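**Q** Here's my sequence, what's the structure:
(chains A and B)
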Amino acid sequence: MQPVTVLLTGDYPAAVPMLALAREPLRVSVGSLAGGELPLASVLYEIGRLLGTQP
Amino acid sequence: MGLTSPALIALLAVLSALLMAGAVGFWRELARPGPIGLVMRIAMVFVLDVVVLGLILAIANQSGGFYASWSELFGTEHVAGHIIAVGRDPVAARTLHGHDGQLAVTSRVAIAVPGHPRTPGGRLLTVTMTGPVSGITASGYVYAPPAGRRMTTRPDLPAIVVISDRLGATGAAFSARRIARTAAAEIASGRLRPVVIVMLPARIAPGAGRTCLDVPGGPQAATFFTQDLPNLVRSGFPVSGNSALWAVAGDSTGAYCALQLAATNSAVYSVAAAPAGHYTPQAAPRDVGPSRPLRRQET
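**A** So this is what the prediction gives:
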């Protein structure tokens, strides 16, 4: 068993109940969607960061 | 011609206009008395209605991303596609058969880095996967990164599983092509290490619902996502077997899938992302009926 990191982005108020449930070793972070043509760019970046795979 | 192709909408629009013009132009012939005129009027109204209705539904489907392909619409996705991707390329999928399940690549599209049309940004593969444990056959996409100098056949790439019912919707944030372009841009800019992205719909099998759960006596979606999928992807791509390098993300009910899959299977997925998610259980599949085991899984 290993810790799970949950990244919640977007509709923050709807995520609040989930945040309240988080207990160790569950880790939760909140991000935001990027605008423009590639809105998921920040999400992929954050996932890569959480996986520890930045170049 | 794809179900979500703009060409289909254009064809239906042109057909509608031609039929409308034909009805007006041949109004007198259609209005003549007798059984022949009656049959012609009924045929014209029927054909015009079908084409216009088809046009409206095609536009609605493209906008809402309800069905990504004709096979998904008619429920024939269990038919395996023609296998074309067998090769020595480090990131080319190979095919597996028999008790190991099957990963078949049915088509591939080169992805260019956004803003740099001549720079290769990887490939978007259309795949069909058959899980040996769950028995589920699911169609989706795999983004394979460009084979740069850091790419080797050593299985050490991270993997991200994206679950969304809008993968085939042109222009949607979660369309497969847009996700692939985003990954290509991030990798090219050095913000992201090369990564394999597997994209699947939330409802991967008829009767499975959209919550990625094992339905008692029905489709074993959770088993597919937590056992079959990692094994099939690792067999076809140089992806790490370390679950610390596996993430799952999704939108809408796909986000709910991501959260519950990671929370209940942290030995498989170590990161979950819900960019635009549902955080409460969705209704169970209608054909399953009230099911206490299923409700327990959902909550």
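**Q** excluding its backbone neighbours, what's nearest B:Ala185?
**A** Nearest non-adjacent residue to B:Ala185, counting by CB to CB, 6 or more residues apart in numbering or on different chains: B:Pro114, 4.9 Å away. C-beta coordinates here come from the backbone N, C-alpha and C atoms, glycine included.
**Q** in the chain, which spans are strands?
**A** All of this is about chain A. Counting by DSSP state E, one finds strands in chain A at the ranges A:5-9, A:27-31.
**Q** Hmm, no, I was thinking of chain B.
**A** Taking DSSP E, the strands of chain B run over residues B:102-113, B:116-130, B:137-144, B:159-163, B:196-200, B:246-252, B:271-277.
**Q** Those: which one's closest to B:Phe237?
**A** Comparing those by their distance to B:Phe237 (CB to CB), the top pick is strand B:196-200, with 5.0 Å.
**Q** low-scoring pLDDT stretches of the chain, where are they?
**A** Chain wasn't specified; assuming chain A. Applying pLDDT under 70 to chain A flags the ranges A:1, A:10-12, A:53-55.
**Q** I was thinking of chain B, sorry if that wasn't clear
**A** In chain B (pLDDT under 70), the answer is B:63-69, B:71-72, B:75-100, B:148-154, B:276-299.
**Q** domain assignment for it?
**A** Taking automatic domain parsing as the reference, chain B has its domains at B:6-64, B:80-298.
**Q** For the stretch 151-299 of chain B, what lies in contact range of chain A?
**A** Proximity of the stretch 151-299 of chain B to chain A is confined to B:158, B:160, B:173-174, B:178-179, B:181-183, B:185-186, B:190-193, B:195, B:243-247, B:249, B:259, B:262-263, B:266-267, B:269-277, B:279 under the rule CB under 8 Å from any CB of the partner chain.
**Q** one step back: tell me which of the domains of chain B is the most buried.
**A** When you average the neighbours per residue for each of the domains of chain B (mean count of other CB atoms under 10 Å in any protein chain shown), domain B:80-298 leads with a mean of 20.
**Q** if I read this right, B:Arg123 contacts B:Ile111, doesn't it?
**A** Yes: at 6.1 Å, B:Arg123 and B:Ile111 qualify as touching, with contact defined as CB atoms under 8 Å.
**Q** Can you pull the residues that touch both of the two?
**A** Common contact partners of B:Arg123 and B:Ile111 (CB atoms under 8 Å, 6 or more residues apart in numbering or on different chains): B:Tyr143.
**Q** Would you map the helices across the chain?
**A** In the absence of a named chain, this looks at chain A. In chain A, the helices defined using DSSP state H lie at A:12-21, A:41-50.
**Q** wrong chain, I was asking about chain B
**A** Using DSSP H, the helices of chain B run over B:6-25, B:27-30, B:35-64, B:70-74, B:176-188, B:221-223, B:229-236, B:253-264, B:292-298.
**Q** Now do the same contact list for the spatially most central residue of chain A.
**A** The centre of chain A sits closest to A:Leu7, judged by CA atoms, centre = their mean, with a distance of 1.5 Å. A:Leu7 makes contact with A:28-31, A:43, A:46-47, A:50, B:249, B:271-274, according to CB under 8 Å, 6+ apart.
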